[in-house]
Structures are given as structure tokens and as C-alpha cells.
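Participant: My questions are about this predicted structure, shown below with the sequence.
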Amino acid sequence: MPETMLQNSHAALDVLQSFVATERANSILGKLLGATIPERDQILDQEITAFESALESAKIQARMQGKAITLDSSGISLTAGGDNWTVYPDGKQGRSYSQYPGFDLFLSQIAKLGEPDMNATVATDTLLECAYHAFWSPSATNWQPMRIIELRGADANLAKRLARFTSKEQTDEPGDSGELAGAPVLLLLRREHYESLLGDVLEPFGLEVTAGEELIDAGIFTQVLLAAVAANGLAFREVALDTDQAVAAGVLAERVLATRLEFLEAQKLKGCSAHSEQSLPQAVAREIAKLAALHDALQEGNYVPYSVVVVAPPLRGHVTPFATFATLSLARSTQRVASPTTEYSQTELLALWEAACSSLPSCERELVHCVSFDWHMKTPRQIGEGMFEALYGKGANQETKRGGTGGILTNISVRNFLGQVAKNSPELIIETLGSNWQTLDDAELTERARNMPVRAQDLGRYLQERILRDGRYRLAKGILVTAAQKFVSVPMLVRMMKSLAATFGNFFLKFQNTHPQNAILLANSEAGSSALRAIGRVGAAMTYLARARGASSIIKSGPVDLARDAIVQILLANPDQLPTVEAIRPGLQQGRWVPSLTFQIGMPLAGSDLVDVGTAGEHTGLEERKRDKRPPRADFTDHYFPAF
């Protein structure tokens, strides 16, 4: 048995390492795996330089030949193909996306696939491919690191039982011999608490991020994973775990991780070098580190089991694959501005919504709702203003952003920051500020806080990354310091965070101007986590359907976090007198329908298009592409745990 497990571990880690190495060598997305922000910028700078050189040549060629010249512009969006930039003889520049006919029909089948064959098996490299597409699913800047534990044999069967998989056609389960046979199970783990730059800026002041993103993102991830499975001609069964099931799955996950960890550590101690590849010892060391980290995260409650997915060939009939799903997935990205010169109709958006809903199980379709507005209507403008006032305060000047009453920025203060630190480190606060610190006026409290350095533990990981990335600050012995080795004080950090929070509002007043169609996706609050999961799934389907139809889209939860109440009040006022909004008035008033995501769509921004026309910030579509930088991803190797 140990010898079999040794061989299996070598094979599993080999497959994972080989898969990631291939992606890194052959795709621009692969180059972004594990990249830092400066490394991403270097990759992007190279792509922009190469594209601008080709663009200048194309301008000359188009003018001399009197015909349009088309370039591949996917590199400057850090996507893998299907992004076409057209240069015309008169110098104008257009842009279009490749389309993927038949994707609507394909996506609709995932809600009604037949059962997987529980006694069949699927190779790990196929599972890796499916997981990889989910790994690149829509969430961008605040992408959440889902983890996948691959289970086979007895562990897989235990996961199937705790998820209460039943089948009228399959009464016999594979034996519990421990062999890696039978249909594999993917155990999905999500973050217990959503982490984001927005949260890192707001939560230290006692402000909550409450849109339920940890569940929405898990729904996004799952929808793309299941679509990728079906695209490979495979069937699946997925169960979102209830509380009791999640507890049982957590026990299983901890045991599996501990067993694998114990085995690899034992082999390491024996000086195992049976494998011929020199990379394996490093792969084993990396697997040991990531197994230990996830085991600890589970025990500490930072990760929780989310769902169990069985993947296998269909028991009956066949699943119609979608051969170009991988191409579509790697060509898709969210982009913050669409073309201002090309309309996208409400009819098209509503058809896309219906197609997205058809991909959901019937029980989930009633949990989600969509209301949409084109950019000529009053509602999108008022929503943008509502988000602006939620941040800067009611009555704030739209130019100076000053003079508002209330607003989130008023909560970003030295006093509120210290109040949150005091919850975990009361002794530090008293030692630095004195026992009477709460009775001090703001000026005196700020003055005393200048002697209090900012600790690394006071900074969320996204905020820490933002502060450290340009080299002006660094961490020394757990303290944030400047390049001159002076510690950063609490008042200085609060100023930095307030300035950063203010930038969140840069696009609020442009909400109605960035895309021809703007939608609010609402969840049925009575269904709790199930509705948020469904919102994530339908949001993912919408953005993939948009890209398949040659359109550009983006989904966001930040506006809802900042201005949910304001959005509800605007919808209740219904300034455009839309019957679709009026129909949900009772649900809005009762709190049953709750805004959860915004979805915006249009055609891709062209090089000759102008953004922010008539303002000091006016710029071309090409310049916008340079500014709208796709964030890198973590290393996929650290997020998939192969079975052995």
C-alpha cells in the first residue's frame, strides 16, 4: 500500500506540475500565474510596446493599400486571442470580439444533464483543465482563492455519502478498498470571509462589507467549473453542503490532508529520490507546505467546505461537448468601459438574462431577478449619484467631493481605527495612548496616535499589497516603515486609507456612461445563502454569454456594498416608471428582493472611441485599454490538491 501511494503521489504531482508548466509556456494567462503586480506590469508593457509597433505599421499599410488591416489586440487586455483591432485607411480604429455560436444552447444543457456513472473514472489532467477555467472565472481584482481537493476511492465514496448522493439506477457503490477507482469527487472549499481591498479599507473602521461575496464568488466559480466539465462531454452531480454536511466534509478534508501530509513528510525524511525528475523533490516540498497551510486554515475556520462535485462520463446517453469552451474562457475578461458609439439594446440584454437563467437548476431560477436600464434613462444616473453620496456624503460637491453630510468617509477616522485595534490589542492601546484615550478630543487623540506605529497585522493582505507595491514602504519586524526607515504612524495610515477610499468613487458618477445597458441583479433574501450562490452562478453565465456573443461586460459587488440602501430607494422611486421595476415593488419594500450585483454590457471599446469626453480626463480607447489592467492570479499549483 505505501508503495502504491508513493507511485500515485509521484504521478499526481507530475501531472499537476506538467499542466501548470504547459500553461506558463503557451499562454499569456499562464504567465500571470503567481505574478506580482510589478511582474504583471512588465508583461503588459511588453505587450503594449509590441502592439503599438504593429499598430503604426498597420496604419501605414492601411493608408497605402486603401483597405482595412486587422490586428490581434488580445495581448494588451492580457487575454488569449479573439480580440480584433481594425485599422481603416482614414486612421480610425475599430474593435470586435470573436463569437462562439451555439454557446447559449450548450450552456442551457448543464441544468438538465443526466447522472454521471459513479463507477467510471476521469483522468486528473481533465479535472485540472476544468478547475483551471473556473480558476480564471469572472471575479477580478478581489478574486477569492477557492481550493479544490480531489478525492478518489474510499475518500470519494465517503464524500458521496455525506452529500447524500442517491441514484435509482446505481445501487452498487465502488468498494472501499482505498484503490483510486470509481468516479472522482471534487471537494470545493471557499473562504469563510470575503477579502478585498474595499474590505481592507472599510473593516478597520468598523464598517462591514455585506454583499455576501464569499458566497457569490463561490457560485461564480462553481458555474464555470460545471460548464467546463460539460464542455468536455462529461456529466456531474453537485451538492451545495448544508451546515451538518459542511461539518462532516470539514472532518473528512482535515483527515485527508493530514494523511497526505504525513505520508509525504515520511517520504521526505527517508530521502525519497525514486523519481527521475529533478523537479519532484521541489514539488513534494511545495505540496507539503500547501497541505499544511490548508489544514491549518480549515482548523482555524478560515476555509469552509462549500460543495461536493462528482465528475464522470454520463451513465446514459451522452453530453454534447463544446469544443471551443477553452478558447472562449481564456479570451474572456471583464472590462470597465464599453464602446460609447455602439448601442446594445434592452432586448438583447433580456435575451441574455433568459439564456443565463436557463443554465440554473429550476429551484434556483426563482431566487434571482434582474431589472435593467439603458444609459439614456434616469435610473442609472441616480444610482451613480446614490453611490457617490453613500461614499462622500449627501450634498457633496461632485467636483471637489467635499461638503457632504454623513457618508462612509466620515467613518474613516483615527478614533474608529483605534477602536477596532482595541478589540484585539487593548493593552497596546492603553500603553501607547493612556487609559483615558476614549475621553480625548479628536485633536489630542490624533496627536498621541502619532507615536503608535502601524503593525503588519493591522493591514489586510490586499491593502498591504497596495501599500508595498511601489517600494515606498516596507515591513520591518512586523512594522510598516518608510524607505527612510521611519515607522508609519496610525494617523498617517488613516490619511492613506481615506485617500484610497475616495478613489472608489471615481467611476460612480460615470455609472450610466460606461455601458449602454446597466442591470441590477437581485437575490431573494428569504433563501439566504442559496440565493447568493444563484446570483453568482447567473452572473457568471451572463458574462460568458456576453463574450460568446461578441460583447464586453463586467459584474460588480462593490457598488452594492457601498450603496445598497440608496439603490433600493431609487428602485422604489422608479424614476423611469418601468413596469419591470414596479412589479417587484412589494418585494423591495419587504426586503425580500435585495440588490446583490451590478451587471453592465456593451460592445468592446474601440481605439478611436473617446472616454470621458469634454473633461480634463478625456482619453482614447487605446489609452483606456492601457489603464484597465487585468490583475494577475495566484499560482494554480497552490489551489488544486490532487488525489494520491
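Facilitator: Sure thing, it's come through.
Participant: So which residues of the stretch 201-350 of the chain form helices?
Facilitator: Assigned by DSSP state H, counting those that start in this stretch, the stretch 201-350 of the chain shows helices spanning 213-231, 243-269, 279-299, 325-331, 346-357.
Participant: Got the confidence number for the closest residue to Ala249 other than its chain neighbours?
Facilitator: Excluding the flanking residues, the one nearest Ala249 by C-beta to C-beta, 6 or more residues apart in numbering is Pro305, at 3.7 Å. (Glycine included, C-beta is placed from N, CA and C.) pLDDT, Pro305: 97.
Participant: and if you look at the one 5 residues further on?
Facilitator: Val310 is assigned a pLDDT of 96 by the prediction.
Participant: Who is it paired with across the strands?
Facilitator: Note on Val310: beta-bridge partners Val185, Arg237, judged by DSSP bridges.
Participant: Longest helix in this protein, please.
Facilitator: Longest helix in the chain by number of residues (criterion: DSSP state H): helix 37-65.
Participant: Given the helix or strand just after that helix, what are its sheet partners and their directions?
Facilitator: The C-terminal neighbour of helix 37-65 among helices and strands, as given by DSSP states H and E, is strand 69-72. Paired neighbours of strand 69-72 in the sheet (DSSP bridges): strand 83-87 (antiparallel).
Participant: What are the contacting residues of the partner strand?
Facilitator: Contact partners of strand 83-87, identified using C-beta atoms under 8 Å, 6 or more residues apart in numbering, comprise 51, 55, 58-59, 61-62, 68-74, 77, 93-98, 331, 604, 607.
Participant: With stretch 319-328 instead?
Facilitator: 80-82, 100, 102-103, 106, 109, 113-114, 129, 133, 227-228, 230-235, 544, 547-548.
Participant: Could you do stretch 92-105 as well?
Facilitator: The contact list for stretch 92-105 (C-beta under 8 Å, 6+ apart) reads 55, 73, 81-88, 322, 324, 327-328, 331, 339, 355, 544-545, 547-552, 603-608, 621-622.
Participant: so where's the stretch 251-400 of the chain uncertain?
Facilitator: For the stretch 251-400 of the chain, the stretches with pLDDT under 70 are 271-280.
Participant: gap between Phe511 and Met387?
Facilitator: Phe511 sits at a distance of 7 Å from Met387 (criterion: C-beta to C-beta, to the nearest Å).
Participant: Quick one: neighbours of Leu597, just the number.
Facilitator: 27 (other C-beta atoms under 10 Å).
Participant: My read is that it contacts Ile535, right?
Facilitator: Yes - between Leu597 and Ile535 there is a contact under C-beta atoms under 8 Å: 5.9 Å.
Participant: any residues in contact with both of these two?
Facilitator: By C-beta under 8 Å, 6+ apart, Leu597 and Ile535 have these common neighbours: 216, 521.
Participant: Now, of the contacts of stretch 92-105, which are buried?
Facilitator: Among those, those scoring as buried are 55, 73, 82-88, 322, 324, 328, 331, 339, 355, 544-545, 547-549, 551-552, 603-608, 621-622 (criterion: 16 or more other C-beta atoms under 10 Å).
Participant: looking at it, Cys370 is touching Ile520, isn't it?
Facilitator: Yes - in this structure, Cys370 is within contact of Ile520 by C-beta under 8 Å, at 7.3 Å.
Participant: who's more crowded, those two?
Facilitator: Ile520 (25 against 21).
Participant: On the C-terminal side of the stretch of helix or strand that one belongs to, identify the next helix or strand.
Facilitator: Following DSSP H and E, one finds Ile520 within strand 517-524. Remark: after strand 517-524, the chain's next helix or strand is helix 529-548, criterion DSSP H and E.
Participant: ok, and the closest non-adjacent residue to Pro575?
Facilitator: Pro575 sits nearest to Lys378 (C-beta to C-beta, 6+ apart), 4.1 Å away.
Participant: Next: Thr341.
Facilitator: Asp609 (5.9 Å).
Participant: next one: Asp155
Facilitator: What sits nearest to Asp155 in space, not counting adjacent residues and going by C-beta to C-beta, 6+ apart, is Val256, at 5.6 Å.
Participant: Can you report how many residues neighbour that neighbour?
Facilitator: Going by other C-beta under 10 Å, the residues that sit close to Val256 add up to 21.
Participant: you'd agree it is up against Ile149?
Facilitator: Yes - counting by C-beta under 8 Å, Val256 does reach Ile149; the two are 6.4 Å apart.
Participant: so where's the stretch 101-250 of the chain uncertain?
Facilitator: Scanning the stretch 101-250 of the chain for pLDDT under 70 picks out 138-144, 166-181.
Participant: same thing but at 50, please
Facilitator: Along the stretch 101-250 of the chain, the model assigns pLDDT under 50 to residues 141-142, 168-169, 171-179.
Participant: so how far is His619 from Val613?
Facilitator: From Val613 to His619 the distance is 10 Å (C-beta to C-beta).
Participant: of these two, who's got more company?
Facilitator: Taking neighbours as other C-beta under 10 Å, Val613 and His619 compare with His619 leading, 15 against 11.
Participant: coming back round to it: got the contact list for the residue nearest to Thr341?
Facilitator: Contacts for Asp609 (C-beta under 8 Å, 6+ apart) come out as 339-341, 620-621.
Participant: which among those residues gets closest to Arg630?
Facilitator: Closest to Arg630 out of those is Gly621 (16.2 Å), distances taken as C-beta to C-beta.
Participant: can you pull the pLDDT of the closest residue to the closest one other than its chain neighbours?
Facilitator: Excluding the flanking residues, the one nearest Gly621 by C-beta to C-beta, 6+ apart is Asp609, at 3.9 Å. Model confidence at Asp609, expressed as pLDDT, equals 94.
Participant: could you show me where the helices are in the stretch 1-150 of the chain, in order?
Facilitator: Under the criterion DSSP H, counting those that start in this stretch, the stretch 1-150 of the chain carries helices at the ranges 2-26, 28-31, 37-65, 103-108, 124-135.
Participant: which helices and strands sit right next to the second one?
Facilitator: Right, the one you point to is helix 28-31. helix 2-26, helix 37-65 (3 or more C-beta pairs under 8 Å, 6 or more residues apart in numbering; DSSP states H and E).
Participant: one step back: the helices of the stretch 1-150 of the chain into a markdown table, with extra columns for distance to His639?
Facilitator: A markdown table is the format used below for the helices of the stretch 1-150 of the chain (distance: least, C-beta to C-beta, whole Å):
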| stretch | distance to His639 |
| --- | --- |
| helix 2-26 | 10 |
| helix 28-31 | 14 |
| helix 37-65 | 18 |
| helix 103-108 | 24 |
| helix 124-135 | 6 |
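Participant: show me the residues around Leu269 that make contact.
Facilitator: The neighbourhood of Leu269, defined by C-beta under 8 Å, 6+ apart, contains no residues.
Participant: I'd assumed Thr243 was in contact with Ala249.
Facilitator: No - in this structure Ala249 lies outside contact range of Thr243 using C-beta under 8 Å: 10.7 Å.
Participant: Can you give me the pLDDT of the nearest residue to Leu352 once chain neighbours are set aside?
Facilitator: Nearest residue to Leu352 in three dimensions, chain neighbours excluded: Leu545, at 5.2 Å (C-beta to C-beta, 6+ apart). We note a pLDDT of 97 for Leu545 in this prediction.
Participant: Likewise for the one 4 residues further on?
Facilitator: As summarised for this prediction, Arg549 has a pLDDT of 97.
Participant: okay but it is in contact with Leu352, surely?
Facilitator: Yes - using C-beta under 8 Å, Arg549 is in contact with Leu352, at 7.2 Å.
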